[in-house]
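>>> below are the sequence and a predicted model; questions follow.
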Protein chains: 2
Amino acid sequence: MSEQAVRSRSTYRHGDLRRALVEAGFAMARAGGPGAIVLREATRTAGVSPNAAYRHFADRNALMLAVSGVAQGLAADVMEQTLAQLPASGDPATDARARLRAVGRAYLRFARDEPGLFRTAFSVPEDMARAFAPDKAGESGRTPFQILGAVLDELVEAGVLPPERRPNAEFLAWSSVHGLGMLVIDGPLYGLTDDLIERTTEHLLDMVDRGL
Amino acid sequence: MSEQAVRSRSTYRHGDLRRALVEAGFAMARAGGPGAIVLREATRTAGVSPNAAYRHFADRNALMLAVSGVAQGLAADVMEQTLAQLPASGDPATDARARLRAVGRAYLRFARDEPGLFRTAFSVPEDMARAFAPDKAGESGRTPFQILGAVLDELVEAGVLPPERRPNAEFLAWSSVHGLGMLVIDGPLYGLTDDLIERTTEHLLDMVDRGL
DNA sequence: GTCGGATTGTGTACGTCGTTCACATCACGC
DNA sequence: GCGTGATGTGAACGACGTACACAATCCGAC
C-alpha cells in the first residue's frame, strides 16, 4: 500500500499519484471523517509537493468526493457480504424480509464500525443523479443504493410490499437507518450504550418492516 | 442586534461579548452550517481582537456547541408553533397521530428552510445526557426531544401506540425524519425536486405512523 | 475612598492550511 | 530527435486556530 509512497521516490513522476492521494485521504477519513482529510498531508504521505495534488483534483473537495466514492464502495461490500451470509429459509416472503433487515443492519454496523468512513461516504453532498456512478460500487459492481433497491424489489416479488408502495421506497428505508446512524455517531444520540443502540436498531428495523 | 457590535466601540469592555460571538456564529452557521463558523470572523464582527473569544469559549468547538444550542432552540420553536396551529378534531386518536405527523413535518421543514442551522443543531456531537439542557429549549422551555416525547405520550394515552412500544420510541421517529433531512440537504439525495421531497416526506410519515 | 486582585481585552507570534503562479522535468507522438 | 502536453516543484499569499505575555478595567475589602 504505502511501500514506495513514504520513502522519497527516485523518479520525477510518481507513477500513480492520484491513487496514492485517494488512499492517503481514505486513511485520514477513516480516522476522523471527511473533515479530517487534509490535502497537504495527503501529498506528504505520497512523498510529493503540495501542489502536485492539483494535477489530479480541482481542489480539496474533489479529493473528498473521490474518497467518498471509495467509502461508499466499501459500504456496499459490507452489505453484499452480509446478504451473502444469510441462510435461505425456503419461504420467499420471510427471506425477502430478512434480507431487508440484513441490509439495514449492515448499514448501521458499518456506521458504528467505521464512523469516519460512514460520514465520508454518506454525508458529503452529491446529487442522486450520480448515486449510480460505478466508482461508488463495491466489488460486486453495485452501489449501496442499488443493493437496497434490489432487496425492495424482492419484497414486491414475494408479495410482501404492495407494488404501489414500491416507488421511492429506497428513500424511506434508507432515511430511517441513515438517521439512526448519524444521530448515534455524530449527533445528540452520541454516547448511547452499545446495548441500547443494538436494541434500538432492531426496533427501528421492526418499524420499517411494518410500515414500509 | 448588531447595533454597537460592528462600529468600533469606545469602552474597553465589550459588555456582552459572549452573546455577540454566539450571534455572529449563528449568522455564519445559518449561511453555511457548523463548518462555516469561524472564530476570528466572529470576533471581527464583534469589534474585538481574536483572542478575546478565549475569555468566553475554550476553543472554536465550544463556540460551535453554544451556537448549536441556540439552533436547537429555534428548531423547538418551529415545532411548537406548528403544533399550536393544528386544529383539534375532537377524536384523541386522530389528533395524536396528526400531532406526531406535524412534529415530523416541522422538523423536515426546518431542515429545508434552514439547512445550515439544521446541521448545526443536530449534527454536532453531544451526548443524549445533555439533550435536556435548558439552553437548547425554545421559548416554550422544551427541547425538540422533549416535544417529540410529549407527542408520543399522547399517542399512548389515546390508545394508538401500545405502551410496550413506547420506550425509546423517540429514537425511531427521530431517526426517520432526521435521516431524510440529512440525505436531502447534505447527502446523496441532494438535488431532489421539491415536489419529490414533499411526497417522500408524507410517505415517510405514513411509514412511521404505521410502523411505530 | 483606595487599593489589589480577578476579569476581560490587546499585541505579537507560530504553525498549518488551501490555493495560485511561474517554472522545471519528463514521456511520447510526429 | 524534437517539441508539446502532462506532471511535479518552489516560493508565496492570505486565511485560520491558538498560545503567551501584557494592558485596561471592574469590584469588593478595608
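Everything's here; your move. Numbering: from 1, shown residues only, chains lettered A, B, ... in the order given.

>>> report whether the expected contact of A:F122 with A:Q72 is present.
Yes. In this structure, A:F122 is within contact of A:Q72 by C-beta atoms under 8 Å, at 7.3 Å. Where C-beta positions appear, they are placed from N, C-alpha and C, glycine not excepted.

>>> tell me what whichever helix in chain A runs longest is packed against?
Longest helix in chain A by number of residues (criterion: DSSP state H): helix A:60-84. Counting contacts by 3 or more C-beta pairs under 8 Å, 6 or more residues apart in numbering or on different chains; DSSP states H and E, helix A:60-84 packs against helix A:17-32, helix A:39-45, helix A:92-113, helix A:115-122, helix A:144-157.

>>> residues touching A:D95, list them.
By C-beta atoms under 8 Å, 6 or more residues apart in numbering or on different chains, the contact set of A:D95 is A:A88, A:S89, A:E154, A:A158.

>>> ok, which pair from those is furthest apart?
A:S89 and A:E154 (13.3 Å; C-beta to C-beta).

>>> more neighbours, those two?
Neighbours around A:S89 and A:E154, counted as other C-beta atoms under 10 Å in any protein chain shown, are more numerous at A:E154. The numbers are 18 against 10.

>>> out of the helices and strands packed on helix A:60-84, deepest packed?
Per residue and on average, the most neighbours among the helices and strands packed on helix A:60-84 fall to helix A:115-122, with a mean of 25 (mean count of other C-beta atoms under 10 Å in any protein chain shown).

>>> A:V38 touches A:M28, doesn't it?
Yes. The pair A:V38 and A:M28 passes the contact test of C-beta under 8 Å, sitting 6.6 Å apart.

>>> quick one, phi/psi of A:R13?
Main-chain dihedrals, A:R13, degrees, to the nearest 10: phi -80, psi 140.

>>> again with the one 3 residues further on
Recorded main-chain torsions at A:D16 are phi -150, psi 50, according to degrees, to the nearest 10.

>>> I'd like to know how many residues surround it.
Neighbour count of A:D16, defined by other C-beta under 10 Å: 13.

>>> pLDDT below threshold where in chain A?
A:1-8 (pLDDT under 70).

>>> how about 80 then?
Along chain A, the parts satisfying pLDDT under 80 run over A:1-10, A:12-13, A:128-129, A:131-132.

>>> give me every residue in it lying close to DNA strand D.
Taking C-beta under 7 Å from any atom of the strand as the measure of proximity, chain A contacts DNA strand D at A:Y12, A:R13, A:H14, A:G15, A:L17, A:V48, A:S49, A:P50, A:N51, A:A52, A:R55, A:H56.

>>> please give the element, helix or strand, for A:G159.
Under the criterion DSSP states H and E, no helix or strand holds A:G159.

>>> doesn't A:A93 make contact with it?
Yes. Assessed by C-beta under 8 Å, A:G159 is found in contact with A:A93 at 6.4 Å.

>>> of the residues of chain A next to DNA strand D, list those near DNA strand C.
Filtering the residues of chain A next to DNA strand D for proximity to DNA strand C (criterion: C-beta under 7 Å from any atom of the strand) leaves A:Y12, A:R13, A:P50, A:N51.

>>> and these, which is closest to chain B?
A:P50 (21.6 Å; C-beta to the nearest C-beta).

>>> OK, contacts around the closest one?
Counting by C-beta under 8 Å, 6+ apart, A:P50 makes contact with A:L39, A:R40, A:T43.

>>> tell me which of those is nearest to chain B?
The closest of these, once distances to chain B are taken by C-beta to the nearest C-beta, is A:L39, at 15.7 Å.

>>> grab the nearest non-local neighbour of that closest one.
Once flanking residues are discounted, A:L39 sits nearest to A:R60: 4.8 Å by C-beta to C-beta, 6 or more residues apart in numbering or on different chains.

>>> quick check: A:R109 vs B:S10, distance?
Using C-beta to C-beta, to the nearest Å, we find A:R109 at a distance of 59 Å from B:S10.

>>> and the residue nearest to A:G35 when sequence neighbours are not counted, how many residues sit next to it?
Excluding the flanking residues, the one nearest A:G35 by C-beta to C-beta, 6+ apart is B:G35, at 7.1 Å. Burial measure for B:G35: 15 neighbouring residues, criterion other C-beta under 10 Å.

>>> surely B:G35 is in a helix?
Yes. Assessed with DSSP: H, G, I helix; E, B strand; the rest coil, B:G35 lies in a helix.

>>> residue contacts, A:H203?
By C-beta under 8 Å, 6+ apart, A:H203 lies in contact with B:R165, B:N168, B:F171, B:L172.

>>> and what of A:E80?
Contact analysis of A:E80 by C-beta under 8 Å, 6+ apart lists A:G138, A:E139, A:S140, A:R142, A:I147.

>>> in those residues, find the pair that's most separated.
Greatest spacing in the contacts of A:E80, by C-beta to C-beta: A:E139 and A:I147 (12.1 Å).

>>> get me the contact residues on chain A for DNA strand C.
Counting by C-beta under 7 Å from any atom of the strand, the residues of chain A lying close to DNA strand C are A:11-13, A:37-41, A:50-51, A:53-54, A:59-61.

>>> for A:S49, what are phi and psi?
A:S49 adopts backbone torsions of phi -70, psi 150, taken as degrees, to the nearest 10.

>>> pull the contacting residues for the closest residue to it other than its chain neighbours.
Of all residues not flanking A:S49 in the chain, A:T43 sits nearest, at 6.5 Å (C-beta to C-beta, 6+ apart). Taking C-beta under 8 Å, 6+ apart as the criterion, A:T43 is in contact with A:L21, A:S49, A:P50, A:N51, A:A52, A:A53.

>>> likewise for A:V22?
Applying C-beta under 8 Å, 6+ apart to A:V22 gives the contacts A:L63, A:A66, A:V67, A:V70.

>>> ok, now with 10 Å
Contacts for A:V22 (C-beta atoms under 10 Å, 6 or more residues apart in numbering or on different chains) come out as A:D16, A:A29, A:A42, A:A46, A:H56, A:F57, A:L63, A:A66, A:V67, A:G69, A:V70.
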